[in-house]
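Colleague: Here is a sequence together with a model predicted from it:
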Amino acid sequence: MAVSTVVKSTQALKLAIGTSTTTGGSSCSQYYQLPILTPPTVVDLHVPTVSSPPVLGTYTESSNHTVHDRTGQMFEISFSVLCNPNVLDLLCLYAYEDGDGTNILVGNYSPPNWINGATATDTQIIYIGGGGYEIQSGTTDNQDVYYVGCVCTSVEITHAIDSEGGKPVANVTFQTGYSPAYGDNFSDGAITVSNLAGTTGTDFDSWVFGDTYIDTDDESHRIHPYSYSISFARTIERVGWVDTTDFSPNGYVWSSGTSWDVSMNCVYKRDSQFDSIKANLVDSGVTNMRIGDNGTPFRVAIVGVVSDHSVDTGSAELRNSTTIKGMNDTEAVTGILSLEM
Amino acid sequence: MALATNFAPTQNIKCIIGTEAVIGDGAVHGSGAFYRLPLLEPPTITSNQVPLEMGSQQTGIFTPNIAQMHQREDGVLYEITLKYLGYASTGDGQGFEELFNEDGSAYELKGNYSPPDWTNGATNTYSEHATSVIYLGGTANGDSATDHKYVGCVCKSIELSHSLDSNGGFPVITATYVTGYKAIYSNDISAGNGTNITWSDILSNSGIHWATTTARVGDITSANYDVRAYGYSISISREIARVGYINTTTFEPYSYEMVGAFDIKGSITYKLDSNHDDINNYYRGDTKGAFQITGSAYLVSFYGLVSDADHGTGSSEIRTTVSWQGAEDPTTANVILSIDL
């Protein structure tokens, strides 16, 4: 066959995501096309090589002693997305199983049992429309690449009055131990997709001064924010392999000795309110930070301990930059993080 | 002679091994051949050093008395340890035939094992692989002899380890040989293959560990005992003693004898899951069990009694390691160990 004439446009890439009916399965009744802002990562099946130590008396690497190790294969798909309210609900649902609108990560959170093939709603399928390689014969033209068994491992949301038109943006990472697959169901419209690409993101242009504060919701703790960022991340590991054909995992486990890594940073005007806030920087106490209030137009809040603080001199006026690491009572249903837009 | 300018690079060391024709004569057996082992580490190199024995200290003198010392040549056993890749069973030299004193693949150690005749000058029975000739090329570095040659070598112990996370997943063998014969300085290896002796390079690998198709612990005839194995290891060792010396010139031994019984141990590490309900019945009751690893290119079986079990928590999922004492009815030809790499 001569050189193919197929060309794949990066601007034409689309991303759809949905929850599968079984862990690692390929069946999903409802996908959502997300308003992605940059081309997502497109990952093909590849795994690292491992080798025995070199044999004495030889001075080049031996292909006989090197193999592909698929037993530990993990693939990472990341993308940047306009974090409108619908998208935020989905991301929180995928990350910590609460996407009802208030989207609370609670202190006594525990992960689902990720067991290959089990009837569950704990893994997602990600389609990247146009990310395939489009063969030119046959009934399936492999325009799309898709990933089953995806678990959301990190979300970072940034929201500033002076960037992205005041809209929130999320950088999201999923991981899967299942091999990438190819098809054309997304491009051909053979899957059910709700398009969220046109929905509006929440504006950061009318914050509610009276409900934005650090530590306590009273007059002496209210702040004037310019931007905030929120991140929550976790690490998972795959377990075993089902067979030596596809090397699908037996499941995933939460990495031993780790917990949700949650933090929120806010940059706000340095003014006399800091006199009330400064004690929280060093008192080992639980500190709240909230920006906005319900529906006017958004509310994001964290509970935890101040982990970092600096004075920002990069603007015309001084600004404080305070970071709170999310934590609370690990036995209680009380929230660590609440994200509502 | 001025300071010599030559030196011996360790990466250039080669090990050539073959079954000996006559015990102690250093010639390869007519039914056998020399093979070059895929060495992973430099071997131990002995050069005819003997132990220094010292008499009791006399009273009235306060320094060691050279007249009461003797470098004994009559009781010495030189030890050569070789670490190499496990390779497909195509020829002699892998160590198992030499340790089990039987011919053919799979290599089997049976309950009714008895050692061969190790008398100096006796014609070796090829099917028993009683002694071996070992060359360590590039280890002597004399003006006219760059190799060590060891004759009358008896395999004393072997450790076989095979796991996902080391040595690229390939099996690794550590074999220890002993000989009562002094090392000979030789150029047989440095002269090149086919000049003085001819050898075959061994490059054919055994199966990588994750090519395992079935692994079972307990009753290896039943799928109820299927496990997802991450690795296994086996060690077999015995004591070899030399008997006397035929003259006071070369101090070659009259013979070797095996002292006591084989010590046979094995362990297998696998994912803890519900099949363990059946496996742990072998922890008690003196019920003979086994573990078996069946790969696409190898088959290893180990029979005996469970001697220890450990639920390891060093990984994100619990992994169980069951240790076994290899054993069988010593009046039968039942197999304790069967190894086919």
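Modeller: Cool, the structure landed.

Colleague: was I right about residue A:111 contacting residue A:254?
Modeller: Yes. Contact criterion C-beta atoms under 8 Å: residue A:111 and residue A:254 qualify, at 5.1 Å. Heads up, the C-betas are built off the backbone N, CA and C, glycines and all.

Colleague: Where does the prediction get shaky in the chain?
Modeller: No chain in the question, so chain A it is. Across chain A, the ranges flagged by pLDDT under 70 are A:1, A:136-140, A:206-210, A:294-296.

Colleague: wait, I meant chain B there
Modeller: In chain B (pLDDT under 70), the answer is B:1, B:89-91, B:143, B:203-212.

Colleague: at 80 what do you get?
Modeller: Within chain B, the set of residues satisfying pLDDT under 80 comprises B:1, B:88-94, B:105, B:141-144, B:203-213, B:296-297.

Colleague: And the helices in it?
Modeller: Along chain B, counting by DSSP state H, helices occupy B:96-100, B:276-279.

Colleague: Check which helices and strands the first one sits against.
Modeller: Here helix B:96-100 touches strand B:107-110, strand B:147-163, strand B:172-179, going by 3 or more C-beta pairs under 8 Å, 6 or more residues apart in numbering or on different chains; DSSP states H and E.

Colleague: To residue A:155, which of the helices of chain B lies closest?
Modeller: helix B:276-279 (37.0 Å; C-beta to C-beta).

Colleague: buried ones in that closest one?
Modeller: Buried residues in helix B:276-279, defined by neighbour count with 16 or more other C-beta atoms under 10 Å in any protein chain shown: B:276, B:279.

Colleague: So which residues make contact with that helix?
Modeller: Contact partners of helix B:276-279, identified using C-beta atoms under 8 Å, 6 or more residues apart in numbering or on different chains, comprise B:217-219, B:222, B:224-225, B:227, B:320, B:322.

Colleague: ok, now with 7 Å
Modeller: With contact meaning C-beta atoms under 7 Å, 6 or more residues apart in numbering or on different chains, helix B:276-279 is reached by B:217-218, B:224-225, B:320.

Colleague: the more surrounded of residue A:111 and residue A:254?
Modeller: residue A:254 (18 against 15; other C-beta atoms under 10 Å in any protein chain shown).

Colleague: how about the more buried one, what does it touch?
Modeller: A:111, A:236.

Colleague: if we can go back for a sec, can I get the helices and strands packed on helix B:96-100 in CSV with distance to residue B:235 and mean neighbour count?
Modeller: Converted to CSV, the helices and strands packed on helix B:96-100 look like this (distance: least, C-beta to C-beta, whole Å; neighbours: other C-beta atoms under 10 Å in any protein chain shown):
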stretch, distance to residue B:235, mean neighbour count
strand B:107-110, 12, 20
strand B:147-163, 5, 23
strand B:172-179, 9, 23
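
Colleague: Output the helices of chain B as JSON lines; include the columns distance to residue A:131.
Modeller: Output for the helices of chain B, formatted as JSON lines (distance: least, C-beta to C-beta, whole Å):
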{"stretch": "helix B:96-100", "distance to residue A:131": "51"}
{"stretch": "helix B:276-279", "distance to residue A:131": "42"}
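
Colleague: can you tell me the distance between the two ends of stretch A:69-78?
Modeller: 23 Å (C-alpha to C-alpha, to the nearest Å).

Colleague: Buried residues of it, list them for me.
Modeller: Quick answer for stretch A:69-78 (16+ other C-beta under 10 Å): A:69-75, A:77.

Colleague: just how off-centre is that stretch within its chain?
Modeller: Taking C-alpha atoms, centre = their mean, to the nearest Å, the mean C-alpha location of stretch A:69-78 is offset from the chain mean by 17 Å.

Colleague: Adding distance to chain A, write the helices and strands packed on helix B:96-100 out as a markdown table.
Modeller: Shown next, in a markdown table, are the helices and strands packed on helix B:96-100 (distance: least, C-beta to the nearest C-beta, whole Å):
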| stretch | distance to chain A |
| --- | --- |
| strand B:107-110 | 21 |
| strand B:147-163 | 11 |
| strand B:172-179 | 8 |
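
Colleague: so can I have a markdown table of the ones you listed showing distance to residue B:33?
Modeller: Formatted as a markdown table, these follow (distance: least, C-beta to C-beta, whole Å):
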| stretch | distance to residue B:33 |
| --- | --- |
| strand B:107-110 | 17 |
| strand B:147-163 | 16 |
| strand B:172-179 | 18 |
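
Colleague: just so I know, which of these lies nearest residue B:340?
Modeller: strand B:107-110 (7.1 Å).

Colleague: was I right about residue A:39 contacting residue A:10?
Modeller: Yes. Contact criterion C-beta atoms under 7 Å: residue A:39 and residue A:10 qualify, at 4.7 Å.

Colleague: Tell me which residues are up against stretch B:95-106.
Modeller: Looking at what lies outside stretch B:95-106 - C-beta under 7 Å, 6+ apart - the contacts are B:89, B:107-109, B:115-116, B:126-130, B:132, B:155, B:158, B:173, B:175, B:236, B:299, B:338-340.
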